[in-house]
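>>> I'd like to go over a predicted model; first the sequence, then the structure.
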Amino acid sequence: MSSEITVLLLSTLLLLAHIMLAIRFKTKQYGTDWNMGARDEDLPPLNDIAARLERARDNFLETYPIAIIALLVGDIYGQGSSLIGMAAWVWLVARVIYLPLYWAGVPKVRTLVWGVGMLALLAIIVTLLLI
């Protein structure tokens, strides 16, 4: 299995972690009846941690389609490029580090880690365009 596909499969686990953490803390605040209900009622704002986890999940989902496309195209056309494989791992590691930083409310470093992940995605895309 290529690095790109391995990273893609591992990133699906990261997506599940984002989803499960966000809903766990939201359910902790609003209760299991809310979680198992229609969720039609107006609710008070989320507490800081639950809100951060929702924003972290949303942030991951905003860039995840780009990563999926880049990784799949990298696997198909990259022909085992070590730069693409390395950039894929850098992107995944950055996204894994990003989640606890956002969860803990760490500013600036969190943004730098996000930037590293985006640069890794751009490296994959630019490399593919130059092949």
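Happy to help now that I have it. Numbering: from 1, shown residues only.

>>> now residue 38: phi and psi?
Backbone geometry at residue 38, expressed as degrees, to the nearest 10, gives phi -80, psi -20.

>>> can you report how many residues lie near it?
The local packing count at residue 38 equals 6, with neighbours defined by other Cβ atoms under 10 Å. C-betas here are computed from N, CA, C, even on glycine.

>>> ok, now how distant is it from residue 120?
Taking Cβ to Cβ, to the nearest Å as the criterion, residue 38 is separated from residue 120 by 40 Å.

>>> cool, and residue 14?
Distance, residue 14 to residue 120, by Cβ to Cβ: 14 Å.

>>> quick check on these two: which one has the bigger neighbour count.
More neighbours surround residue 120 than the other of residue 14 and residue 120, with 23 against 17 (other Cβ under 10 Å).

>>> shaky segments in this structure?
By pLDDT under 70, the chain contains no weakly predicted segment.

>>> secondary structure element holding the residue positioned nearest the centre of it?
Of all residues in the chain, the one closest to the mean position by Cα atoms, centre = their mean is residue 60, 3.3 Å from it. Element membership for residue 60, per DSSP states H and E: helix 48-77.

>>> please apply the same query to residue 24.
With elements delineated by DSSP H and E, residue 24 resides in helix 3-30, which encompasses its position.
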